[in-house]
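[1] Quick one, structure for this:
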Amino acid sequence: MNSERLVYIVQTIRGRLVADLPLRRFVYAGLLCLTLAIPAIYAAHLYLPVGRGENVVITIPPGSSVSIISGQLESQGVVRSGEAFALLARVKGLASQLKAGTYDFSPHATLGEVLDKIVEGDVIDQSVRVTIPEGLTLNGMGLLFAQRGLFSQAEFLAAAQTIELPYEHLLSVPLGVYNRLEGYLFPDTYDFLLGVRPEQVIRIMAARFNDLVPPLYAASPLRERFTLHQIVTMASIVEKEAVKPAERPVIAGVFYNRLQRRMRLESCATIQFLLGTPRTLLYADLEIVSPYNTYRNLGLPPGPIANSGLASIVAALNPATTPYLFFVARSDGSHIFSPTYEQHQAAIRQARR
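    Modelled structure (predicted):
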């Protein structure tokens, strides 16, 4: 169509509008409706689901404002418009109720559904449940955390060496211990978030110990004779020596009896601690030069040889009153207890049979 033809058509329409008032009103009304409808249609479009692609998982950091969250949602394809999300949150009075966490959003979720999900804190569970067995050493804990994909064993051990914790009982840990936190991280079942740092894990476990053990120590008459560190050390030996739960207080009683008589404890568990990897002990192992070798040294070792469970700590605080000074293990893990060395030798022969 040439320009002269277009000008003619425009002039003809203009002439008719001028001449025909009802037609003019109808056209103006139509243009007005169209002017109002276009923004409304566009706004409604912004509130519709994205409608394509796979679910999107995003993590909203703590302290994020509605502006930061809305930008994050738009940039990662959860909503069509971050501005529309922020406006809806403000209009509904929910801008201050958006919760941090990790969310899984469907591409078919409307803007309102996305907002409701974040307000309700409907996060996905990205935690890792870790059960730490009683009697595990820090080395063993580090290996377990590495196997569960949280962090490396080296990272955990390094953090245990350098971390500062606000507990008075740690101030009395002597300098000769292999690791000042050995024995002070409570074995239990914990849920840790993916991405957790070893320092955070240590603080959680140390806080659990602090909640449970110092109150028990404060209520025990043994606090007049032994420090908490000595009790925790004794508990760790009981933990590693006992297999049958009922024998824990008796084993503790045997070791306290030996301490009172200035006899060496001669605990095989302390030698295993020195070896690191459990194996059958050799007579040469009993000659290892170390303050942890209770076959060579009197008294308790410098520190715990494991992280004890509550039952062993209770046994160390409440030892059985017993005449026994010796015990030897049977094949089923139970022990034969003896008050004299001669009876102990007979018990060894019986256990071997």
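[2] secondary structure element for the closest residue in space to Gln153 that isn't next to it in sequence?
    Distance criterion CB to CB, 6 or more residues apart in numbering; nearest residue to Gln153, sequence neighbours excluded, is Gly142 at 3.5 Å. Any C-beta I mention is one placed from the backbone N, CA and C, and that applies to glycine too. Using DSSP states H and E, Gly142 falls within helix 138-147.
[3] Gly183 too?
    Gly183 belongs to no helix or strand, assigned by DSSP H and E.
[4] was I right about it contacting Ile231?
    No: using CB atoms under 8 Å, Gly183 is not in contact with Ile231; the gap is 9.9 Å.
[5] mind listing what the residue nearest to His169 when sequence neighbours are not counted touches?
    Of all residues not flanking His169 in the chain, Leu228 sits nearest, at 5.0 Å (CB to CB, 6+ apart). By CB atoms under 8 Å, 6 or more residues apart in numbering, the contact list for Leu228 reads His169, Ser172, Val213, Pro214, Tyr217.
[6] what do you get if the cut-off is 10 Å, keeping everything else the same?
    168-170, 172-173, 184, 213-214, 216-218, 220, 222, 317 (CB atoms under 10 Å, 6 or more residues apart in numbering).
[7] What does the pLDDT read for it?
    pLDDT for Leu228: 97.
[8] Now for the residue lying closest to Tyr341 once chain neighbours are set aside, how many residues are close by?
    Nearest residue to Tyr341, sequence neighbours excluded (CB to CB, 6+ apart): Phe326, at 6.8 Å. If you count neighbours by other CB atoms under 10 Å, Phe326 ends up with 22.
[9] Kindly report the same for Val128.
    There are 16 residues near Val128, going by other CB under 10 Å.
[10] coming back round to it: compile the contacts of Leu228 into TSV and extend it with columns for secondary structure.
    Output for the contacts of Leu228, formatted as TSV (DSSP: H, G, I helix; E, B strand; the rest coil):
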residue	secondary structure
Glu168	helix
His169	helix
Leu170	helix
Ser172	helix
Val173	coil
Tyr184	coil
Val213	helix
Pro214	helix
Leu216	helix
Tyr217	helix
Ala218	helix
Ser220	coil
Leu222	helix
Leu317	helix
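[11] Flag whichever of those scores worst on pLDDT.
    For the contacts of Leu228, the pLDDT minimum is Ser172, 86.
[12] from memory that residue sits against His229, does it?
    Yes: if you go by CB atoms under 10 Å, Ser172 and His229 touch, sitting 5.5 Å apart.
[13] For those two, indicate the residue with more neighbours.
    More crowded of Ser172 and His229, by other CB under 10 Å: His229, with 22 against 10.
[14] Unless I misread the structure, that one falls within a helix.
    Yes: assigned with three-state DSSP, His229 falls within a helix.
[15] ok, now how distant is it from Leu87?
    60 Å (CB to CB, to the nearest Å).
[16] Kindly report the same for Arg258.
    Arg258 is 76 Å from Leu87, by CB to CB.
[17] tell me the domain ranges of the protein?
    3-47, 56-120, 128-217, 221-352 (automatic domain parsing).
[18] Just the endpoints, please. Distance across the third one?
    So that's domain 128-217. 32 Å (CA to CA, to the nearest Å).
[19] Okay, strands next: where are they in the stretch 51-200 of the chain?
    In the stretch 51-200 of the chain, the strands defined using DSSP state E, counting those that start in this stretch lie at 56-60, 101-105, 127-131, 189-193.
[20] Go ahead and name everything in contact with the third one.
    Strand 127-131 is contacted by residues 141, 144-145, 147-150, 187-196, 201 when judged by CB under 10 Å, 6+ apart.
[21] any idea how far the helix holding Gly142 is from the chain center?
    Averaging C-alpha positions (CA atoms, centre = their mean, to the nearest Å) puts helix 138-147 13 Å from its chain's average.
[22] ditto for stretch 143-160
    Worked out by CA atoms, centre = their mean, stretch 143-160 lies 12 Å from the chain centre.
[23] Buried residues, it. List them.
    For stretch 143-160, the neighbour count (16 or more other CB atoms under 10 Å) marks Leu143, Leu144, Phe145, Leu150, Phe151, Gln153, Glu155, Phe156, Leu157, Ala159, Ala160 as buried.
[24] Also stretch 206-214?
    Ala206, Phe209, Asn210, Val213.
[25] Can you give the distance from it to the centre of its chain?
    For stretch 206-214 - counting by CA atoms, centre = their mean - the centre lies 16 Å from the chain centre.
[26] low pLDDT regions in this structure?
    1-47, 50-51 (pLDDT under 70).
[27] number of nearby residues for Pro49?
    Pro49: 17 neighbours (other CB under 10 Å).
[28] make that Arg52, sorry
    Neighbours around Arg52, by other CB under 10 Å: 8.
[29] Ala311 contacts Lys244, doesn't it?
    No: when contacts are counted by CB under 10 Å, Ala311 is not listed as touching Lys244 (11.2 Å).
[30] Just want to know which of the two has more residues nearby.
    When neighbours are counted by other CB under 10 Å, Ala311 and Lys244 differ, and Ala311 comes out ahead with 16 against 13.
[31] before we move on, the earlier item: and the residue nearest to Tyr341, how far from Glu342?
    10 Å.
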